[in-house]
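Trainee: after the sequence you'll find the predicted model.
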Amino acid sequence: MNKEQKDISSLILNRRFQQKDTYNSISMPIYGGVAFEFDNAEEMEDAFLGKNGKYTYSRISNPTVEVFEDRVQQISEAKHVLAASSGMAAILDIFMTIAYAGSNIVTSPHLFGNTFSLFNSTLKVFEVETRFCNLLDEQEITRNIDDKTCAIFVEAITNPHLEVADLQLLSFLAHSKNVPLIADSTLVPWPAFNAKKLGVDLEIVSSTKYISGGATSIGGLIMDHQTFDWSNSPRLKELSKTVGEQAFTIKLRNEISRNTGTYMSPYVAFLQSLGLETLSLRFKKASENCLSLAKFLQTIPQIKEVNCIGLPDNPSYKMGNKQFGEYSGAMLTFNLKDRPTCFSFLNRLQVIRRATNLFDNKSLIIHPLSTIYSTLNDKCKKMIEVPNEMLRLSVGLENIEDLKEDILQALNNEKKNRTRLLSL
Ligand SMILES: *Cc1c(COP(=O)(O)O)cnc(C)c1O
């Protein structure tokens, strides 16, 4: 659908603040303080009732964070955006708003590690059941939805399997049973993706990743496209009688986010607002690097099963291309012979860093099963289907030749022969 990347840079660079800054600062200053003073008690009362748009307390709202939310709203085309203290906080807040004891979530076991654990352990204690199924299988999805299903939750590109479900189909299946579709679009940012056009109702993003501008800070975002009718939701039906499709947004903003204390810090919002300005450029360059590296890895005999959505022989290629266009992100995985081979390969790398995180400006590599998924019991490890011989690589903005050279030297166990790099 998106053959061309949407140019979000100028959209952001030309966007002025809603309220003029006192000193005409071009970057929104960090309003790092907690409280805001009022001229009189009446104004203060109105502020607490949300009648005059004034700030009261930075756990509830903050001018620096609002500028970030406004920019995200511009580029995501969401009706409402709420910034959270992390991607996990954003996911938690969504389910604190819609789930209830006895309800269930239909999702895939192919999930980011903490999301899996949130569903499988944390929410379970509150009697929210998670039904793990294959989101590529229409019948399995339909079989798992019932009148207690509070959402279908899907990662638009799954981490680390790089699976791509048909979002329009998921949206159709969900809506035909009065269930909202929630997508985690952390792995495919807005230059390539418009969630609303594919029928996603609520979108969450870990802004720690692409958006932060090179791993500057932890943050999360909740986008409400206000496309879902909440009148059958046990948690939101009362509210929806008066505010209609804004019921989720209003509950989230006026109750949940302030009660969970998960609002974004203004320091983070400042950094991530700057990150947004270069998002398009970084995403394009990192995605290009990722695809060329994937093609290169396919030519190396020791490397098996190179998984990158942009490779035409990849099972997710067609759907990825249809939904996200030419650039499908900067993450790939590949397999080596076994776990010891993975470990010694990791230990010999000199340019690519051994670290967890995605979409830093630097390339990062990790052995997911021994790290991200290491605390899961054997049954859960089986469910998530991450093989022991798999490595996950998040490709950065380095010169691609340096990355290739590093991989070759680490595979061949050669002594330090970084001629190109040493000559730089
Ligand atoms: C990292 C990540 C998260 C969690 O985000 P944090 O900002 O680390 O809390 C959620 N979903 C996906 C797909 C991720 O990659």
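Mentor: Structure received.
Trainee: tally of neighbours for the spatially closest residue to G320 that is not a sequence neighbour?
Mentor: Excluding the flanking residues, the one nearest G320 by Cβ to Cβ, 6 or more residues apart in numbering is I309, at 4.0 Å. C-beta: built from backbone N, CA, C; applies to glycine. Around I309 there are 28 other residues, counting by other Cβ atoms under 10 Å.
Trainee: go on, D21?
Mentor: Number of residues near D21 (other Cβ under 10 Å) recorded here: 14.
Trainee: rewinding a little: isn't the residue nearest to G320 up against G329?
Mentor: Yes - under the contact definition of Cβ atoms under 8 Å, I309 touches G329, with a separation of 6.8 Å.
Trainee: touching both of those two, which residues are there?
Mentor: I157 (Cβ atoms under 8 Å, 6 or more residues apart in numbering).
Trainee: one step back: surely the residue nearest to G320 forms part of a helix?
Mentor: No - counting by DSSP: H, G, I helix; E, B strand; the rest coil, I309 is located in no helix; its state is coil.
Trainee: ok, now how distant is it from M44?
Mentor: From I309 over to M44 the distance is 52 Å, taken as Cβ to Cβ, to the nearest Å.
Trainee: repeat for A89
Mentor: Taken as Cβ to Cβ, the span from A89 to M44 is 28 Å.
Trainee: for the two, indicate the residue with more neighbours.
Mentor: When A89 and M44 are compared for neighbours, A89 comes out ahead with 23 against 16, by other Cβ under 10 Å.
Trainee: phi, psi of G102?
Mentor: Torsion angles at G102 (phi, psi; degrees, to the nearest 10) stand at phi 100, psi -10.
Trainee: count the neighbours of it for me.
Mentor: A count of neighbours around G102, defined by other Cβ under 10 Å, yields 12.
Trainee: before we move on, what about A101?
Mentor: A101 - counted by other Cβ under 10 Å - has 8 other residues nearby.
Trainee: the stretch 251-400 of the chain: strands as residue ranges?
Mentor: In the stretch 251-400 of the chain, the strands defined using DSSP state E, counting those that start in this stretch lie at 304-307, 331-335, 353-354, 364-366, 390-394.
Trainee: nearest to the ligand, of those strands?
Mentor: Taking Cβ to the nearest ligand atom, strand 331-335 is the member of the strands of the stretch 251-400 of the chain nearest to the ligand, at 8.9 Å.
Trainee: so how far is the lengthiest strand in the chain from its chain's centroid?
Mentor: The longest strand of the chain (DSSP state E) is strand 149-155. Distance, stretch centre to chain centre, for strand 149-155: 15 Å (Cα atoms, centre = their mean, to the nearest Å).
Trainee: what is that strand packed up against?
Mentor: Secondary-structure packing of strand 149-155 (3 or more Cβ pairs under 8 Å, 6 or more residues apart in numbering; DSSP states H and E): helix 87-98, strand 104-107, helix 167-175, strand 181-184.
Trainee: kindly recompute the last result at 10 Å.
Mentor: Contacts defined by 3 or more Cβ pairs under 10 Å, 6 or more residues apart in numbering; DSSP states H and E place strand 149-155 against helix 87-98, strand 104-107, strand 129-132, helix 138-144, helix 167-175, strand 181-184, strand 202-206.
Trainee: what is the burial count for the residue of the stretch 151-300 of the chain found nearest the ligand?
Mentor: For the stretch 151-300 of the chain, the residue closest to the ligand is S206, as judged by Cβ to the nearest ligand atom, at 3.0 Å. Neighbour count of S206, defined by other Cβ under 10 Å: 30.
Trainee: identify the residues contacting it.
Mentor: S206 makes contacts with 84, 86-91, 112, 114-115, 159, 184-187, 212, 218-221, 357-359, as judged by Cβ atoms under 10 Å, 6 or more residues apart in numbering.
Trainee: now the protein against the ligand: closest residue?
Mentor: Using Cβ to the nearest ligand atom, G87 is the residue of the chain that sits closest to the ligand, at 2.3 Å.
Trainee: where does the protein have low pLDDT?
Mentor: Along the chain, the model assigns pLDDT under 70 to residues 1-7, 413-424.
Trainee: pick out the residue closest to the middle of it.
Mentor: Nearest to the mean C-alpha position of the chain, counting by Cα atoms, centre = their mean, stands T186 at 2.0 Å.
Trainee: does that one touch F359 like I think?
Mentor: Yes - T186 is in contact with F359 according to Cβ atoms under 10 Å; the separation is 8.7 Å.
Trainee: would you mind naming what in the protein lies close to the ligand?
Mentor: Listed as neighbours of the ligand in the chain under the rule Cβ under 6 Å from any ligand atom: 86-88, 112, 114-115, 155, 159, 184, 186-187, 206, 208-209, 218, 220, 358.
Trainee: for G87, which non-adjacent residue is spatially closest?
Mentor: Using Cβ to Cβ, 6+ apart, the closest residue to G87 is S206 (2.6 Å).
Trainee: separation between the one you found and L358?
Mentor: Distance of S206 to L358, computed by Cβ to Cβ: 8 Å.
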